[in-house]
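Chemist: I would like the atomic coordinates for the input below:
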Amino acid sequence: MVFLRNIEQIRGIQWGQKHLWDVRIQGVPTPFDTWFPAVDISIPTATIESHMVDTPMSRARFAKSTSDHEISLSFYDDDKGTLYDFFDNWINVEILNNGDYISLLSEYAKQVDVQKLSIDRKPIKRMSYFVYPEGTLTFMGDSSSEGNLYSVTLVIVGRL
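Modeler: Reported below is the predicted structural model:
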């Protein structure tokens, strides 16, 4: 076991950072058809639930199961609303078929690639998932000059 003996050893550690994430989503039109930056991303990578067992003399917990995982993604859109329109079409046309019926999961799940970048924008880690959007896509506007920031939830149905 290695112990940090002084402050210089602590300063010498390359600490993890939570910034610099790029995303690539299958089927997104230009200019987002390649890697684009995620403003905020959250991906649960491990979840375990427990089961409590009561006996006459004690209580104990045991691993029971896991739960579904989902990606929370926030992103800026361009002035044409390219990403907003893509998600709107994915939900309303590809999945819900304009309210007529729901497509099969194999027809609407898309590949999403997520990569963590170093400070000099070199890929450190890449993860790939099959997902579909869940929840409400809401258009929000105001009179400010800020960029359009959207958030979506993507349910993970497979991993590569």
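Chemist: quick one, helices of the protein?
Modeler: 7-11, 82-89, 105-108 (DSSP state H).
Chemist: residue 115 is nearest to which of these?
Modeler: Proximity to residue 115 (C-beta to C-beta) singles out helix 82-89 among those, at 17.8 Å. C-beta coordinates here come from the backbone N, C-alpha and C atoms, glycine included.
Chemist: for the one residue sitting closest to the centre of the chain, list the residues it contacts.
Modeler: The C-alpha lying nearest the average C-alpha coordinate of the chain belongs to residue 71 (C-alpha atoms, centre = their mean; 2.9 Å). When contacts are counted by C-beta atoms under 8 Å, 6 or more residues apart in numbering, residue 71 touches 41, 42, 43, 112, 114, 129, 131, 153, 154, 156.
Chemist: would you format the residues you listed as a markdown table with distance to residue 87 included?
Modeler: Formatted as a markdown table, those follow (distance: C-beta to C-beta, whole Å):
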| residue | distance to residue 87 |
| --- | --- |
| 41 | 15 |
| 42 | 17 |
| 43 | 18 |
| 112 | 12 |
| 114 | 17 |
| 129 | 16 |
| 131 | 12 |
| 153 | 11 |
| 154 | 10 |
| 156 | 16 |
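Chemist: ok, so of those residues, who is nearest residue 139?
Modeler: The closest of those, once distances to residue 139 are taken by C-beta to C-beta, is residue 153, at 16.4 Å.
Chemist: so that closest one touches residue 69, yeah?
Modeler: No: using C-beta atoms under 8 Å, residue 153 is not in contact with residue 69, being 10.9 Å away.
Chemist: lowest average confidence, helix or strand, in this structure?
Modeler: helix 7-11 (a mean of 75; mean pLDDT, DSSP states H and E).
Chemist: okay, residue 111: pLDDT?
Modeler: Residue 111 carries a pLDDT score of 97 in this model.
Chemist: how many residues are close by it?
Modeler: 14 (other C-beta atoms under 10 Å).
Chemist: could you find the closest non-adjacent residue to it?
Modeler: Nearest residue to residue 111 in three dimensions, chain neighbours excluded: residue 26, at 4.4 Å (C-beta to C-beta, 6 or more residues apart in numbering).
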